[in-house]
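Engineer: sequence plus the predicted model coming up.
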Amino acid sequence: MVVLKRLKWKINLIDELEEKLQLEPLSLPSKINNSLAVIPEFVYRKVSLKGTWDHAHTMIFAPRVREGVHGVRIVTPLVREKGSTILVDRGFVSKEKLESGAYLKDVGEVEIIGMLKTSEKRNTFTPDNEPKEGKWYWTDVEAMSGFAGGEEASVQPILVEQIFGGHAGEATSLVDQGIPVGRPPTVELRNSHLSYVITWYALSGLTAAMFARLLINKKRSPGKRMPRFR
């Protein structure tokens, strides 16, 4: 059955990504242009980065929601000391605290742990990004690296999602301060195939039960004879 095969594939994929998350963070080489083709193979692999934020090219993605709070996601290029610039999805900032500009106050060298990520697939309901207007809705790594300066500024088309490994209280405190909160170190893949299998078996079972009940009722009820007219 095709659905069962896809379910097995999805479960194996999630297990594989979970295993990647348990590995020690990688240190990205200074230049990755020659290795861009293998980036998809390292998605969900932790990496460590050091550098300073290029706040002038910060990108704000809206709208986003985190635990019922409306806000945005902040993506800022990270300029590394002896290498290229990497795009970093720093995480969620509430709409209420966005104007405070707290996410712009980190000006020294920072060290982060994150996960490699590729571009998203834009669906028909997602608006086009408008970089010149500062409007971003979906992750287009090529366009984002171009906005940040592109190859001339040594900006690599690589995106890293910053990881937040703290507890809920810490996350709430950061949100209240307007400081970006990164994503949890978990695999966030929707296993829709499992729901399809459950639904398919439930409907099959219901159909079988109704058919069996129909047969039982038919056996219990004697057939009615047609009246004879003289």
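Structural biologist: Sure, I can see it.

Engineer: what's the distance between residue 49 and residue 95?
Structural biologist: 27 Å (C-beta to C-beta, to the nearest Å). (Glycine included, C-beta is placed from N, CA and C.)

Engineer: could you check how far residue 94 is from residue 80?
Structural biologist: From residue 94 across to residue 80, the span is 29 Å (C-beta to C-beta).

Engineer: which residue ranges of this protein form helices?
Structural biologist: Residue ranges of the helices in the chain, as given by DSSP state H, are 2-21, 95-98, 141-147, 168-177, 192-220.

Engineer: can you tell me what sits against the shortest one?
Structural biologist: Contacts made with helix 95-98 from outside it, assessed by C-beta atoms under 8 Å, 6 or more residues apart in numbering, are listed as 60, 62, 63, 70, 71, 72, 175, 176, 177, 178.

Engineer: isn't the fifth one up against residue 91?
Structural biologist: Right, the one you point to is residue 71. No - assessed by C-beta atoms under 8 Å, residue 71 is found out of contact with residue 91, at 9.9 Å.

Engineer: what residue ranges in this structure score low on pLDDT?
Structural biologist: Scanning the chain for pLDDT under 70 picks out the ranges 1-21, 33-36, 188-209, 211-212, 218-230.

Engineer: who's more crowded, residue 49 and residue 95?
Structural biologist: Each of residue 49 and residue 95 has its neighbours counted (other C-beta atoms under 10 Å); residue 49 has more, 19 against 14.

Engineer: if the more buried one is in a bridge, with which residues?
Structural biologist: residue 112 (DSSP bridges).

Engineer: make sure it is actually in contact with residue 80.
Structural biologist: Yes - using C-beta under 8 Å as the test, residue 49 is close enough to residue 80 to be in contact (6.9 Å).
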